[in-house]
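A.B. asks: how does the following fold in three dimensions:
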Amino acid sequence: METNDHRTIAVQQFNHCWELLEKDDRSASEDANLITSAFASRYHWSLVGDSERFVTADWMVSRAAAAIAEGDLAIRFALLAYERSLTSGTPDWLRASVAEGLARAYAAAGDIAERDNWWAEAEVLVSVISDAESRELIESQLRSVPR
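C.D. replies: Predicted coordinates for the structure are as follows:
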């Protein structure tokens, strides 16, 4: 498989995750498809992506896991995204998104104290995002974290 094929599949699967996440009433089959698509995207980015793409891929696995009430899995991949995001050059919006992902993962696991800690961290990081459009997007995602 060529590099471009891996990129195409990674993007397609990532976008498919968003389609499923935006559904109000996913079936059990769609939930399985959601987590499978997140892992498929992650796999293909692991072959051809840069650090930013891999952080985003781990974040998506966490987001998908949280959406299907797999809190421990959500935390595991949110922490992976966080660890990867500590490298220099990670954009401000992605650092904020990772913190939002950790808040969401801990919410899915029912750990309210950690959810609140990461929520507060995400709010600080969101406030310093330089691009207004990115700031608004991450703010909206943070508002959707169960409280």
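A.B. asks: need the three-state assignment for V98.
C.D. replies: Following DSSP: H, G, I helix; E, B strand; the rest coil, the label given to V98 is helix.
A.B. asks: how many neighbouring residues does it have?
C.D. replies: If you count neighbours by other C-beta atoms under 10 Å, V98 ends up with 30. The C-beta positions use only the backbone N, C-alpha and C, and glycine is treated the same way.
A.B. asks: now do the same contact list for it.
C.D. replies: 55, 59, 78, 81-82, 85 (C-beta atoms under 8 Å, 6 or more residues apart in numbering).
A.B. asks: so it versus A38, what's the distance?
C.D. replies: 15 Å (C-beta to C-beta, to the nearest Å).
A.B. asks: the closest residue to A96 other than its chain neighbours - how many residues pack around it?
C.D. replies: Here the nearest residue to A96 in space, its sequence neighbours aside, is L125; by C-beta to C-beta, 6 or more residues apart in numbering that works out to 3.7 Å. By the criterion of other C-beta under 10 Å, L125 has 21 neighbours.
A.B. asks: was I right about L125 contacting L102?
C.D. replies: No: L125 sits out of contact with L102 when judged by C-beta atoms under 8 Å, with a separation of 10.9 Å.
A.B. asks: which parts of stretch 108-126 are buried?
C.D. replies: By neighbour count on 16 or more other C-beta atoms under 10 Å, the buried set for stretch 108-126 is 108-109, 114-115, 118-119, 121-122, 125-126.
A.B. asks: ok, the residues you listed vs S29, which is closest?
C.D. replies: A108 (20.1 Å; C-beta to C-beta).
A.B. asks: helix or strand right after the host helix or strand of that closest one?
C.D. replies: Counting by DSSP states H and E, the element that carries A108 is helix 92-109. On the C-terminal side of helix 92-109, the closest following helix or strand by DSSP H and E is helix 112-127.
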